[in-house]
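K.L.:
Kindly return the folded structure for what I paste below:
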Amino acid sequence: MDRETICLRRRKNKLYAKYLKTGDHETYARFAILRNRLRKKTRQIRYDHEENLARNMKKYPKAMWRYVNSRLKTRSGIEDLKREDGSMARTSQEKAEEPTRFISTTFTQENLQLIPDLPVRSQGNLVEDVVFSAEDILKKLKTLNPVKSPGPDGIHPRILVECAKQLCRPLTRLFDLSMDNSTLPSDWKKDNVYAIFKKGDQHAATNYRPVSLTCIMCKMMEGIIRDELMDDI
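P.N.:
Predicted structure coming up:
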């Protein structure tokens, strides 16, 4: 909100308070003029903001949906979920367990007798051969999407993008230590799983899909390893 709008609002509030105290009709007329000016200005500000969001929707879709959700009059999380026996999962714990139970039923058991034998590669990179360089990590940092959500470590990708030059060398050392010791930071082994409603009946667990948020730095390390292993394929 700009300075002019703030000043208009203050003047309007003062005139209205004065009118309530004195009952003077001239004061109310001045108040009404300022009220109408302020209403016209705030509507124009909202229109310009919505037009800018729509223009940049493909580039910044989260900003658009954040604004849309802020304008909704209703707020609700996951609805009570219906179990197979007809009962309802109502608590947060029960709602988390019901989609998990459904997803576990979609897993398939592979016939191990039908898995083909793959030829042994005579050449190519191995995981032990992967080398992390500050240049490669800097490229990965600069290509991160700054509007994505952070993982369990709480480190937002915008921080990684803005501090790419300062972080590339420390991350190189961190990745090297992780490979040399065959270990990962504890937060990198965790993920935050969210149930996203698709369509249909909101009480059916089958209409929710899980979205897993993992640590961004771990995904960067995995990407570099994948690129190295795929070079000779």
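K.L.:
Can you tell me the SS state at the closest residue to Trp188 other than its chain neighbours?
P.N.:
Closest residue to Trp188 apart from its sequence neighbours, by CB to CB, 6 or more residues apart in numbering: Cys218 at 4.0 Å. Bear in mind the C-beta positions are built from the backbone N, C-alpha and C, glycine included. Assigned state for Cys218: helix (three-state reduction, DSSP: H, G, I helix; E, B strand; the rest coil).
K.L.:
State the pLDDT value of Cys218.
P.N.:
pLDDT for Cys218: 95.
K.L.:
Now do it: how many residues are near it, please.
P.N.:
Here the count is done by other CB atoms under 10 Å, and Cys218 has 21 residues near it.
K.L.:
helix/strand/coil for the residue sitting nearest the centre point of the chain?
P.N.:
For the chain, the residue nearest the mean C-alpha position is Ser149 (3.1 Å; CA atoms, centre = their mean). Going by three-state DSSP, the secondary structure assigned to Ser149 is coil.
K.L.:
Domain parsing of this structure, as residue ranges.
P.N.:
Annotated domains of the chain cover 3-71, 81-103+125-230 [automatic domain parsing].
K.L.:
and the helix of greatest length in the chain, how far out from the chain's middle?
P.N.:
Ranked by residue count under DSSP state H, the longest helix found in the chain is helix 25-55. The chain centre lies 33 Å from the centre of helix 25-55; the measure is CA atoms, centre = their mean, to the nearest Å.
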